[in-house]
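Chemist: The following block contains a protein sequence and its predicted model.
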Amino acid sequence: MSTPLFWLGVGCVLWLLGLHGLLTLRNAVRRIIAINLMGSGVFLVMVALAIRERPGDPVLVALVVTGLVVAVSATALALRLSGQLARARKGDA
Amino acid sequence: MNAALLSLFAPLAGGLLLVLWRPARAGLALGVALVSLLAAAAALHQVADGTRQWLEVGGWAPPLAIRLQLTPLSALLLLFTAGLHLLVAVYAARRPHAIGGADFWPLACLLHAALAALWLSADLFNLYVTLELLGLAAVALVALAGEKAQRPALDYLLLSLAGSLAYLLGVAILYGRYGVLDLFLLGEQATADAPTRLALLLMTLGLMLKGALWPLHLWLPAAHSSAPAAVSALLSALVVKGPLYILWLLWTRLAPTELAVQAGPLLAGAGALALLAGGWAALRTPLLKSLVAYSTVAQLGYALLALGLAMHWQEPRLEAALWLFVVAHGLAKVSMFLAAGELQHTLGGKRVVTLKGASQTLPVTMFTFVTAGVSLIGLPPSGGFLAKWLLLQPLLERPQHWGWALAVVLGTLMSAAYVFRVVAHGFDRARPQPPQVRPDRFGQWLTLLPALLVFGLALIGERMLPWLEGVSR
């Protein structure tokens, strides 16, 4: 099996694992981690596609970098929301 | 193109400025929406004859370039977005209870900018970025409603991210297969092979999840009904239309015709079921705002039905119907959500039954609700009627298409039923619900404005229909 194909497979498996986690887990932080796993899966697929040729495809690398920025900001918002949620629940109890 | 760019950068700059600068936020936001509206009108004027303008960002040539395109349709959507933002901002400036805090203003401006960028993009990855911006701004706006909205906001965020990542995986597969990201270059090269099919499937599912298209709509009622009224109006009228636009671009510009013909009936079937399921849920729900939110699910069904059948039969008239639906539904839904918020605030109850006697205590708001409802049902002379007329024409031409027409008729009956459910309570004057706060007459008239514009659409319908058919080709 060639290296890009291997990482392509790993990326797809990560994506599916993340999706499964998002659909089955109930804890907010676990679901946020699941989403990040999905994101890492997509980025891994992109990197695997980029290393098919030497030197690697710079467009895909640029996409991954942009995608990471988006993922970080989305995760920050999600963590903030889940933190407020947990605090509100503690206030009720 | 410059006018379109101004229409995009005015809200972007305004939004960033408003984050830093707190006093007189409402005034600045109103000014931004007005500038953007005028610029969008100028852009529409430039391309109204059906021309198409391109901007290659940074001067790079395709295939490396990130291109922006200005078509008559994207100019129309820019105008629609800016107009709705202005209408909502005017109302929100008058009625601060409807926005859930001063942070509404910068976020609404950023939402406006994200949508404007979405209408102008012609590059798959750029579309992904605009989708994410749109989603993040929308989630932050929902969370403005405070504690009760945090759970729906988090669910909305996570599902929206899942949708984006499905879309992004599709983009990666398409890039891996063809080596370009530009929508129109892809459209020239795309063939109906396995990677393309898989990519289109992933992207379609992701966009359906983000656009709350049946059966992936389950997050919408909770998110839209727990948000502050002005936010619900923006979300229902505009935000769900962004993914729909990308779906339309994918299937009419990128996908090989053969695949579009195959996938059409699936999307149209989902649309027909959305009409029935959404209508039924709106009939059953005890809460006023979730009734309006479920009506969005049902109304998106018409748009999906029009899109699916347009793909299946390659019929431009149905594409015109799709865009007319989007515009008419947007205007009517803004009015309806603002009216629902006004009723809820003044009467102090969330349930449909608290509207008893509202025709007496809040006559103008009740009138707004009914006027918007008339367009959603599709009674003449409203924009909703025009759209439905355009949708039904090709369906009625051949007897083998009458099954689809039946779904449209059933959907219409359902929407009439849930609008009349509200009206019946409003006219039940036996034991009217006393207002909790003094009704604001001017605010009530402001909610009516968008609904009147839907009726204005009917007045210019004769000229608009042939134009829309021409430009959506």
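Modeler: Good, I have the coordinates.

Chemist: From B:Leu250, how far out is the residue nearest the centre of chain A?
Modeler: The geometric centre of chain A, computed from its C-alpha atoms, lies nearest to A:Gly39 (Cα atoms, centre = their mean), at 2.1 Å. Using Cβ to Cβ, to the nearest Å, A:Gly39 is found at 21 Å from B:Leu250. C-beta coordinates here come from the backbone N, C-alpha and C atoms, glycine included.

Chemist: What lies in contact with stretch B:55-71?
Modeler: A:59, B:1, B:4-5, B:43, B:46-47, B:52-54, B:120-123, B:125-126, B:179-182, B:184-185, B:471 (Cβ atoms under 8 Å, 6 or more residues apart in numbering or on different chains).

Chemist: Kindly recompute the last result at 7 Å.
Modeler: By Cβ atoms under 7 Å, 6 or more residues apart in numbering or on different chains, the surrounding residues in contact with stretch B:55-71 are B:1, B:4, B:43, B:47, B:52-54, B:120-123, B:126, B:180, B:182, B:185, B:471.

Chemist: still on that earlier bit, helix or strand: which one has the residue nearest to the centre of chain A?
Modeler: helix A:28-50 (DSSP states H and E).

Chemist: which ones are touching the closest residue to B:Leu118 other than its chain neighbours?
Modeler: Computed as Cβ to Cβ, 6 or more residues apart in numbering or on different chains, the closest residue to B:Leu118 that is not its neighbour in sequence is B:Thr130, at 4.0 Å. Counting by Cβ under 7 Å, 6+ apart, B:Thr130 touches B:114, B:117-118, B:121.

Chemist: isn't the residue nearest to the centre of chain A right up against A:Ala71?
Modeler: Yes. With contact defined as Cβ atoms under 7 Å, A:Gly39 and A:Ala71 form a contacting pair (4.6 Å).

Chemist: re earlier: who wins on neighbours among the contacts of B:Thr130?
Modeler: Of all those, the highest neighbour tally under other Cβ atoms under 10 Å in any protein chain shown goes to B:Ala114, namely 26 neighbours.

Chemist: And the next helix or strand past the helix or strand in which B:Leu169 is found?
Modeler: According to DSSP H and E, B:Leu169 maps onto helix B:150-178. Heading C-terminal from helix B:150-178, the first helix or strand you meet, by DSSP H and E, is helix B:183-189.

Chemist: for the residue in the stretch 251-400 of chain B positioned nearest to chain A, phi and psi?
Modeler: The minimum distance from the stretch 251-400 of chain B to chain A, using Cβ to the nearest Cβ, falls at B:Leu254 (17.6 Å). Main-chain dihedrals, B:Leu254, degrees, to the nearest 10: phi -100, psi -50.

Chemist: For burial, what's the neighbour tally of it?
Modeler: 24.

Chemist: Remind me what the longest helix along chain B packs against, helices and strands.
Modeler: The single longest helix within chain B, with elements called by DSSP state H, is helix B:316-347. Where contact means 3 or more Cβ pairs under 7 Å, 6 or more residues apart in numbering or on different chains; DSSP states H and E, helix B:316-347 is packed against helix B:72-94, helix B:229-234, helix B:241-249, helix B:288-313, helix B:363-377, helix B:383-397, helix B:441-459, helix B:461-471.

Chemist: Give me the below-cutoff pLDDT ranges for the chain.
Modeler: Because you didn't say which chain, this covers chain A. Within chain A, the ranges that satisfy pLDDT under 70 run A:1, A:92-93.

Chemist: That was the other one, I meant chain B.
Modeler: Under the criterion pLDDT under 70, the flagged ranges of chain B are B:472-473.

Chemist: Just say helix, strand or coil for the nearest residue to B:Thr296 once chain neighbours are set aside.
Modeler: Residue nearest to B:Thr296 in three dimensions, not counting chain neighbours: B:Ser236, with 4.5 Å by Cβ to Cβ, 6+ apart. Taking DSSP: H, G, I helix; E, B strand; the rest coil as the rule, one finds B:Ser236 in the helix state.

Chemist: that older thread, what separation do you get for the residue nearest to B:Leu118 and B:Leu185?
Modeler: Distance, B:Thr130 to B:Leu185, by Cβ to Cβ: 19 Å.

Chemist: which of the residues in stretch B:146-164 are buried?
Modeler: Buried residues in stretch B:146-164, counted by 16 or more other Cβ atoms under 10 Å in any protein chain shown: B:149-164.

Chemist: Looking at the residues you listed, which one is closest to B:Thr354?
Modeler: B:Ala149 (20.3 Å; Cβ to Cβ).

Chemist: can you pull the contacts of the closest one?
Modeler: By Cβ under 7 Å, 6+ apart, the contact list for B:Ala149 reads B:142-143, B:226-227.

Chemist: any idea how far B:Ala172 is from B:Gly179?
Modeler: With distances taken as Cβ to Cβ, B:Gly179 is found 12 Å from B:Ala172.

Chemist: which of the two has more neighbours?
Modeler: Applying other Cβ under 10 Å to B:Gly179 and B:Ala172 shows that B:Ala172 carries more neighbours, namely 29 against 15.

Chemist: Show the contacting residues for that one.
Modeler: Remark: with contacts taken as Cβ under 7 Å, 6+ apart, B:Ala172 is in contact with A:42, A:45-46, A:49.

Chemist: Go through chain A and flag its longest helix.
Modeler: Secondary structure of chain A per DSSP H: the longest helix is helix A:58-92.

Chemist: helices and strands around that one, which ones?
Modeler: Right, helix A:58-92 is packed against helix A:28-50, helix B:124-143, helix B:150-178 by 3+ Cβ pairs under 7 Å, 6+ apart.
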